[in-house]
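1. sequence first, predicted model second:
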Amino acid sequence: MHRVATHAGCIHALRQPELRQSLYDAAAILMSDVLVNLHGERHKARRTVESRVFRKDIFLRYEKEVLPRTLAETIAPFLAVGRGDLVDLGYRIMLNLTVDFAGIDRPERSASETGELLRLLREFSLAPALGQSRPEDVAAKQARIATAMSAFDARFLQPSLARRRALLADVAAGRRDRATLPADVLMALVEGATDLGMTEAQFVQEGIFYMLAGAHTTIHSLAHAINEILAWVDGDPRRAERLRSDPFLVQRCVFESVRLHPSSPVARRRALAVVTLADGIRLAAGEDVEIDLAAANRDPALFGASPDRFDPDRKLAQGVLPYGLSMGHGMHACLGRNLAIGVEPRPGSDPATHQFGVVPLIVVALLRAGLRPDPEDPPVRDDRVTRITFARYPVLFRPAEALL
Ligand code: HEM
């Protein structure tokens, strides 16, 4: 397998129109027709339709109105008992947010309904790792994924689709104002369905893809950010004071943590024709290249002599993103970036209107609630696939000792 690992080389590769996505080939059952797997005109048309929902005013409404409510509801039971698991908490907060953003209705808004979505999400998350599974396990995992897809379709997707189709029919008949339609991805797709030639199977895949793209990545980033910030502050009162007095510091810490711990350490692309990459690598048609985002994010040419260190005060040249290539680049660059980690603060940014991103805001809420690792029950890493993340992260809530 060819590999590019420099920052400039990765950017060049991710911009090549003759390189198509190939990271998810083994997950075709769930991902063959989702946005991140489409190429060329089909990708452009679908991305244009879905991008309509990824707007600043919609993100700000999520941050300022939806997130505070979801956070308070989700954290309350954990605060009441004074302990919890950071990974479990992350799933509970992010799942509901992503599902709402994707346009999957939760008519009951009950704990058991969220529980069922969590169960389904865990089944779906078998798919992106199918390529790393033992060959003898693949058929059984595919059967589990197929069963979960049918259950998701029947209970969640079909009712959500039917409601949006009815709303659109009302608009067409003049009974409803278009401005009152839900601002979510499914609604945008229902409106664009004819132009895009969307099939029922594609609606199912895309709905599930959003759960995976939005929830897993942010939960991974949340646990790492908390872990890095607590280690950075560890007993240093000056750093704790800086966190309290600088409203943008937590967000800069999240950027630095996302750089060090990309939720997708590699991208992979396949050549559709002969392609010459920046580092002189020549790909024949049909050959794959691994684009090592994690290595690019630690390129000393951009991130200095100690690129492995967590340093939210790192000085970067103009144009270098503080989170490196962790949010992708080029045609598949993350659509949810500003929702997840916000917009880079500038000198003079006003905290009242600034877009912080849901991950930094959740970190702030948890630190205000006095979150700290449980000294008797250390975090457990999950090394089952190439993505090293936390399987468990037991925490205590001590509001009287809160950092923020
Ligand atoms: C910290 C959290 C996140 C990280 C690290 C992340 C990372 C990425 C990366 C690396 C890609 C590019 C994949 C590739 O080139 O193969 C991507 C694509 C994408 N992400 Fe995110 N993402 C995050 C959060 C989100 C959220 C919250 C959403 C939506 C609600 C989202 C939606 C998408 C979509 C739709 C794409 C596909 C874009 C396309 O193919 O045109 N992401 N993300």
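-> Alright, I've got the coordinates.

2. contacting residues around the closest residue to the ligand within the stretch 251-400 of the chain?
-> With C-beta to the nearest ligand atom, the shortest gap between the stretch 251-400 of the chain and the ligand falls at Gly336, namely 2.2 Å. C-betas here are computed from N, CA, C, even on glycine. Listed by C-beta atoms under 8 Å, 6 or more residues apart in numbering, the contact partners of Gly336 are 54, 213-214.

3. and those residues as a markdown table, adding neighbour count and distance to the ligand?
-> Listed next are the contacts of Gly336 as a markdown table, based on neighbours: other C-beta atoms under 10 Å; distance: C-beta to the nearest ligand atom, whole Å:
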| residue | neighbour count | distance to the ligand |
| --- | --- | --- |
| Phe54 | 18 | 8 |
| Ala213 | 21 | 4 |
| Gly214 | 23 | 3 |
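
4. where does the stretch 301-404 of the chain dip in pLDDT?
-> Within the stretch 301-404 of the chain, the segments meeting pLDDT under 70 span 383-388.

5. which residues of it lie near the ligand?
-> Residues of the stretch 301-404 of the chain found near the ligand (C-beta under 6 Å from any ligand atom) are 326-328, 332, 334-336, 339-341, 359.

6. so how do I select the buried members of those residues in ChimeraX?
-> ChimeraX command restricting these to the buried ones, with burial defined by 16 or more other C-beta atoms under 10 Å:
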select :326,327,328,332,334,335,336,339,340,341,359
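
7. among the residues of the stretch 301-404 of the chain next to the ligand, which are located in helices?
-> Of these, the ones assigned to helices by DSSP state H are 339-341, 359.

8. farthest pair in these?
-> Across those, the longest distance by C-beta to C-beta is 9.4 Å; it joins Leu339 and Val359.

9. which residues of the stretch 301-404 of the chain fall in helices?
-> Assigned by DSSP state H, counting those that start in this stretch, the stretch 301-404 of the chain shows helices spanning 337-341, 358-368.

10. then the stretch 151-300 of the chain?
-> 158-172, 185-196, 200-211, 217-233, 237-245, 249-260, 293-296, 300-303.

11. before we move on, what about the stretch 1-150 of the chain?
-> Using DSSP H, counting those that start in this stretch, helices in the stretch 1-150 of the chain cover 7-14, 28-31, 40-51, 56-61, 67-81, 86-102, 111-124, 135-152.

12. which one of those is the most hemmed in?
-> helix 86-102 (a mean of 23; mean count of other C-beta atoms under 10 Å).

13. what parts of the stretch 101-250 of the chain come near the ligand?
-> Neighbours of the ligand within the stretch 101-250 of the chain, by C-beta under 6 Å from any ligand atom: 101, 210, 213-214, 217-218, 221.

14. rerun that using 5 Å as the cut-off
-> Applying C-beta under 5 Å from any ligand atom, we find that the stretch 101-250 of the chain lies next to the ligand at 213-214, 217-218, 221.

15. thinking again about what came up before, can you lay out the helices of the stretch 1-150 of the chain as CSV showing distance to Leu196?
-> Listed next are these as CSV, based on distance: least, C-beta to C-beta, whole Å:
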stretch, distance to Leu196
helix 7-14, 24
helix 28-31, 17
helix 40-51, 6
helix 56-61, 21
helix 67-81, 30
helix 86-102, 16
helix 111-124, 23
helix 135-152, 20
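
16. any idea which of these gets closest to Asp234?
-> Going by C-beta to C-beta, the one of these nearest Asp234 is helix 86-102, 17.0 Å.

17. what average pLDDT does that closest one get?
-> Helix 86-102 comes out with an average pLDDT of 91.

18. show me what that helix is packed against.
-> helix 67-81, helix 111-124, helix 185-196, helix 200-211, helix 217-233, helix 358-368, strand 389-392, strand 394-397 (3 or more C-beta pairs under 8 Å, 6 or more residues apart in numbering; DSSP states H and E).

19. mind checking how far the last one is from the chain centre?
-> Right, the one you point to is strand 394-397. Put simply, strand 394-397 sits 24 Å off its chain's centre (C-alpha atoms, centre = their mean, to the nearest Å).

20. contacting residues for the closest residue to Glu256 other than its chain neighbours?
-> Nearest residue to Glu256 in three dimensions, chain neighbours excluded: Pro312, at 4.8 Å (C-beta to C-beta, 6 or more residues apart in numbering). Contacts for Pro312 were tallied using C-beta under 8 Å, 6+ apart; they are 232, 249, 252-253, 255-256.

21. for the residues of the stretch 301-404 of the chain next to the ligand, which two are the farthest from each other?
-> Going by C-beta to C-beta, the pair spanning those furthest: His332 and Val359, at 20.2 Å.

22. thinking again about what came up before, redo the residues of the stretch 301-404 of the chain next to the ligand as JSON lines? Include distance to Asp33.
-> Shown next, in JSON lines, are these (distance: C-beta to C-beta, whole Å):
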{"residue": "Ser326", "distance to Asp33": "25"}
{"residue": "Met327", "distance to Asp33": "23"}
{"residue": "Gly328", "distance to Asp33": "19"}
{"residue": "His332", "distance to Asp33": "15"}
{"residue": "Cys334", "distance to Asp33": "19"}
{"residue": "Leu335", "distance to Asp33": "17"}
{"residue": "Gly336", "distance to Asp33": "19"}
{"residue": "Leu339", "distance to Asp33": "23"}
{"residue": "Ala340", "distance to Asp33": "24"}
{"residue": "Ile341", "distance to Asp33": "28"}
{"residue": "Val359", "distance to Asp33": "28"}
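
23. which among the residues of the stretch 301-404 of the chain next to the ligand gets closest to Val87?
-> Val359 (14.1 Å).

24. distance of the closest one from Asn338?
-> Per C-beta to C-beta, to the nearest Å, Val359 is found 11 Å from Asn338.

25. what about Trp83, how many residues nearby?
-> Quick fix: residue 83 is Arg, not Trp. 15 (other C-beta atoms under 10 Å).

26. wait, doesn't it sit right on Asp377?
-> No: assessed by C-beta atoms under 8 Å, Arg83 is found out of contact with Asp377, at 9.1 Å.

27. thank you kindly, that will do.
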